[in-house]
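no sequence for this one, just the structure:
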């Protein structure tokens, strides 16, 4: 994307940010006393050098898509599972317009997060990261109950001779290490942390909020240049 288009997209996201800020305020106004307040809720903030995050993650979707949604995620995190449905929805709705980049950020408090990341990377070595990624989230309740070999088989991996030793290895996983390092450099301390073309949400956005941000960017990118 050219700098001019990026500037237009940033303007569009600023408008979207204001809309989302109003949404947050509206949600807080209508919140019932029995529901806990959302921590640090507020409009998205722009991270200028966000593209440095892209190389640390795995791309899901069209690499030429003008909208890149970065997610710092943990396979055992229940909020990441909820966010996953919104991410899939916008990718499906805008197949050539939106791609997501999953950056591993397994939390130490989650027993199966790192093993799940390892299994996903072993699947990636055989070209099946996307299917393993989706399956682990879809069957998150089975973590610790199903073997990783069973997950792999359901994800379409038939080369168990390669997968099983990879999964059993205790060597460092370079992409997981990169994800953790990048996340810490950018101050990520919770999952999921989501950015849309560099706009970082204070709390995980609802599907409608994601859609609003995507539409705002696409409307700027696809607007014909003035003569």
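Yep, that arrived. Everything numeric in this text was worked out from a predicted model, so none of it was measured. Numbering: from 1, shown residues only.

and the residue nearest the centre of the chain, what does it touch?
Most central in the chain under Cα atoms, centre = their mean is residue 71, positioned 2.3 Å from the mean C-alpha point. Shown in contact with residue 71 (Cβ atoms under 8 Å, 6 or more residues apart in numbering): 57, 80, 83, 87, 100, 101, 102, 103, 192, 193, 194. In short, each C-beta sits where N, CA and C put it, glycine included.

residue 115: which of those residues is nearest?
Comparing the contacts of residue 71 against residue 115 with Cβ to Cβ places residue 80 closest, at 15.5 Å.

may I see the buried residues of whichever helix or strand the closest one is part of?
Assigned by DSSP states H and E, residue 80 falls within helix 78-93. By neighbour count with 16 or more other Cβ atoms under 10 Å, helix 78-93 contains the buried residues 80, 81, 83, 84, 86, 87, 88, 90, 91.

ok, stretch 213-221 next?
213, 214, 215, 216, 217, 218, 220, 221.

in TSV: those residues, plus distance to residue 183, pLDDT and secondary structure.
Below are the buried residues of stretch 213-221 laid out as TSV (distance: Cβ to Cβ, whole Å; pLDDT from 0 to 100; DSSP: H, G, I helix; E, B strand; the rest coil):
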residue	distance to residue 183	pLDDT	secondary structure
213	21	94	helix
214	23	95	helix
215	28	95	helix
216	26	93	helix
217	23	93	helix
218	27	93	helix
220	28	85	helix
221	27	78	helix
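
so where's this protein shaky on pLDDT?
Residue ranges of the chain with pLDDT under 70: 1-41, 222-227.

for it, what spans make up the helices?
Secondary structure of the chain, counting by DSSP state H: helices at 3-30, 78-93, 113-124, 129-138, 148-154, 160-168, 174-185, 207-221.

deepest-packed of those helices, please.
For these, the largest average neighbour count (mean count of other Cβ atoms under 10 Å) is found in helix 113-124, namely a mean of 22.

related to what we said a few turns ago, just the ones of the contacts of residue 71 in strands?
Residues of these located in strands (DSSP state E): 100, 101, 102, 103, 193, 194.
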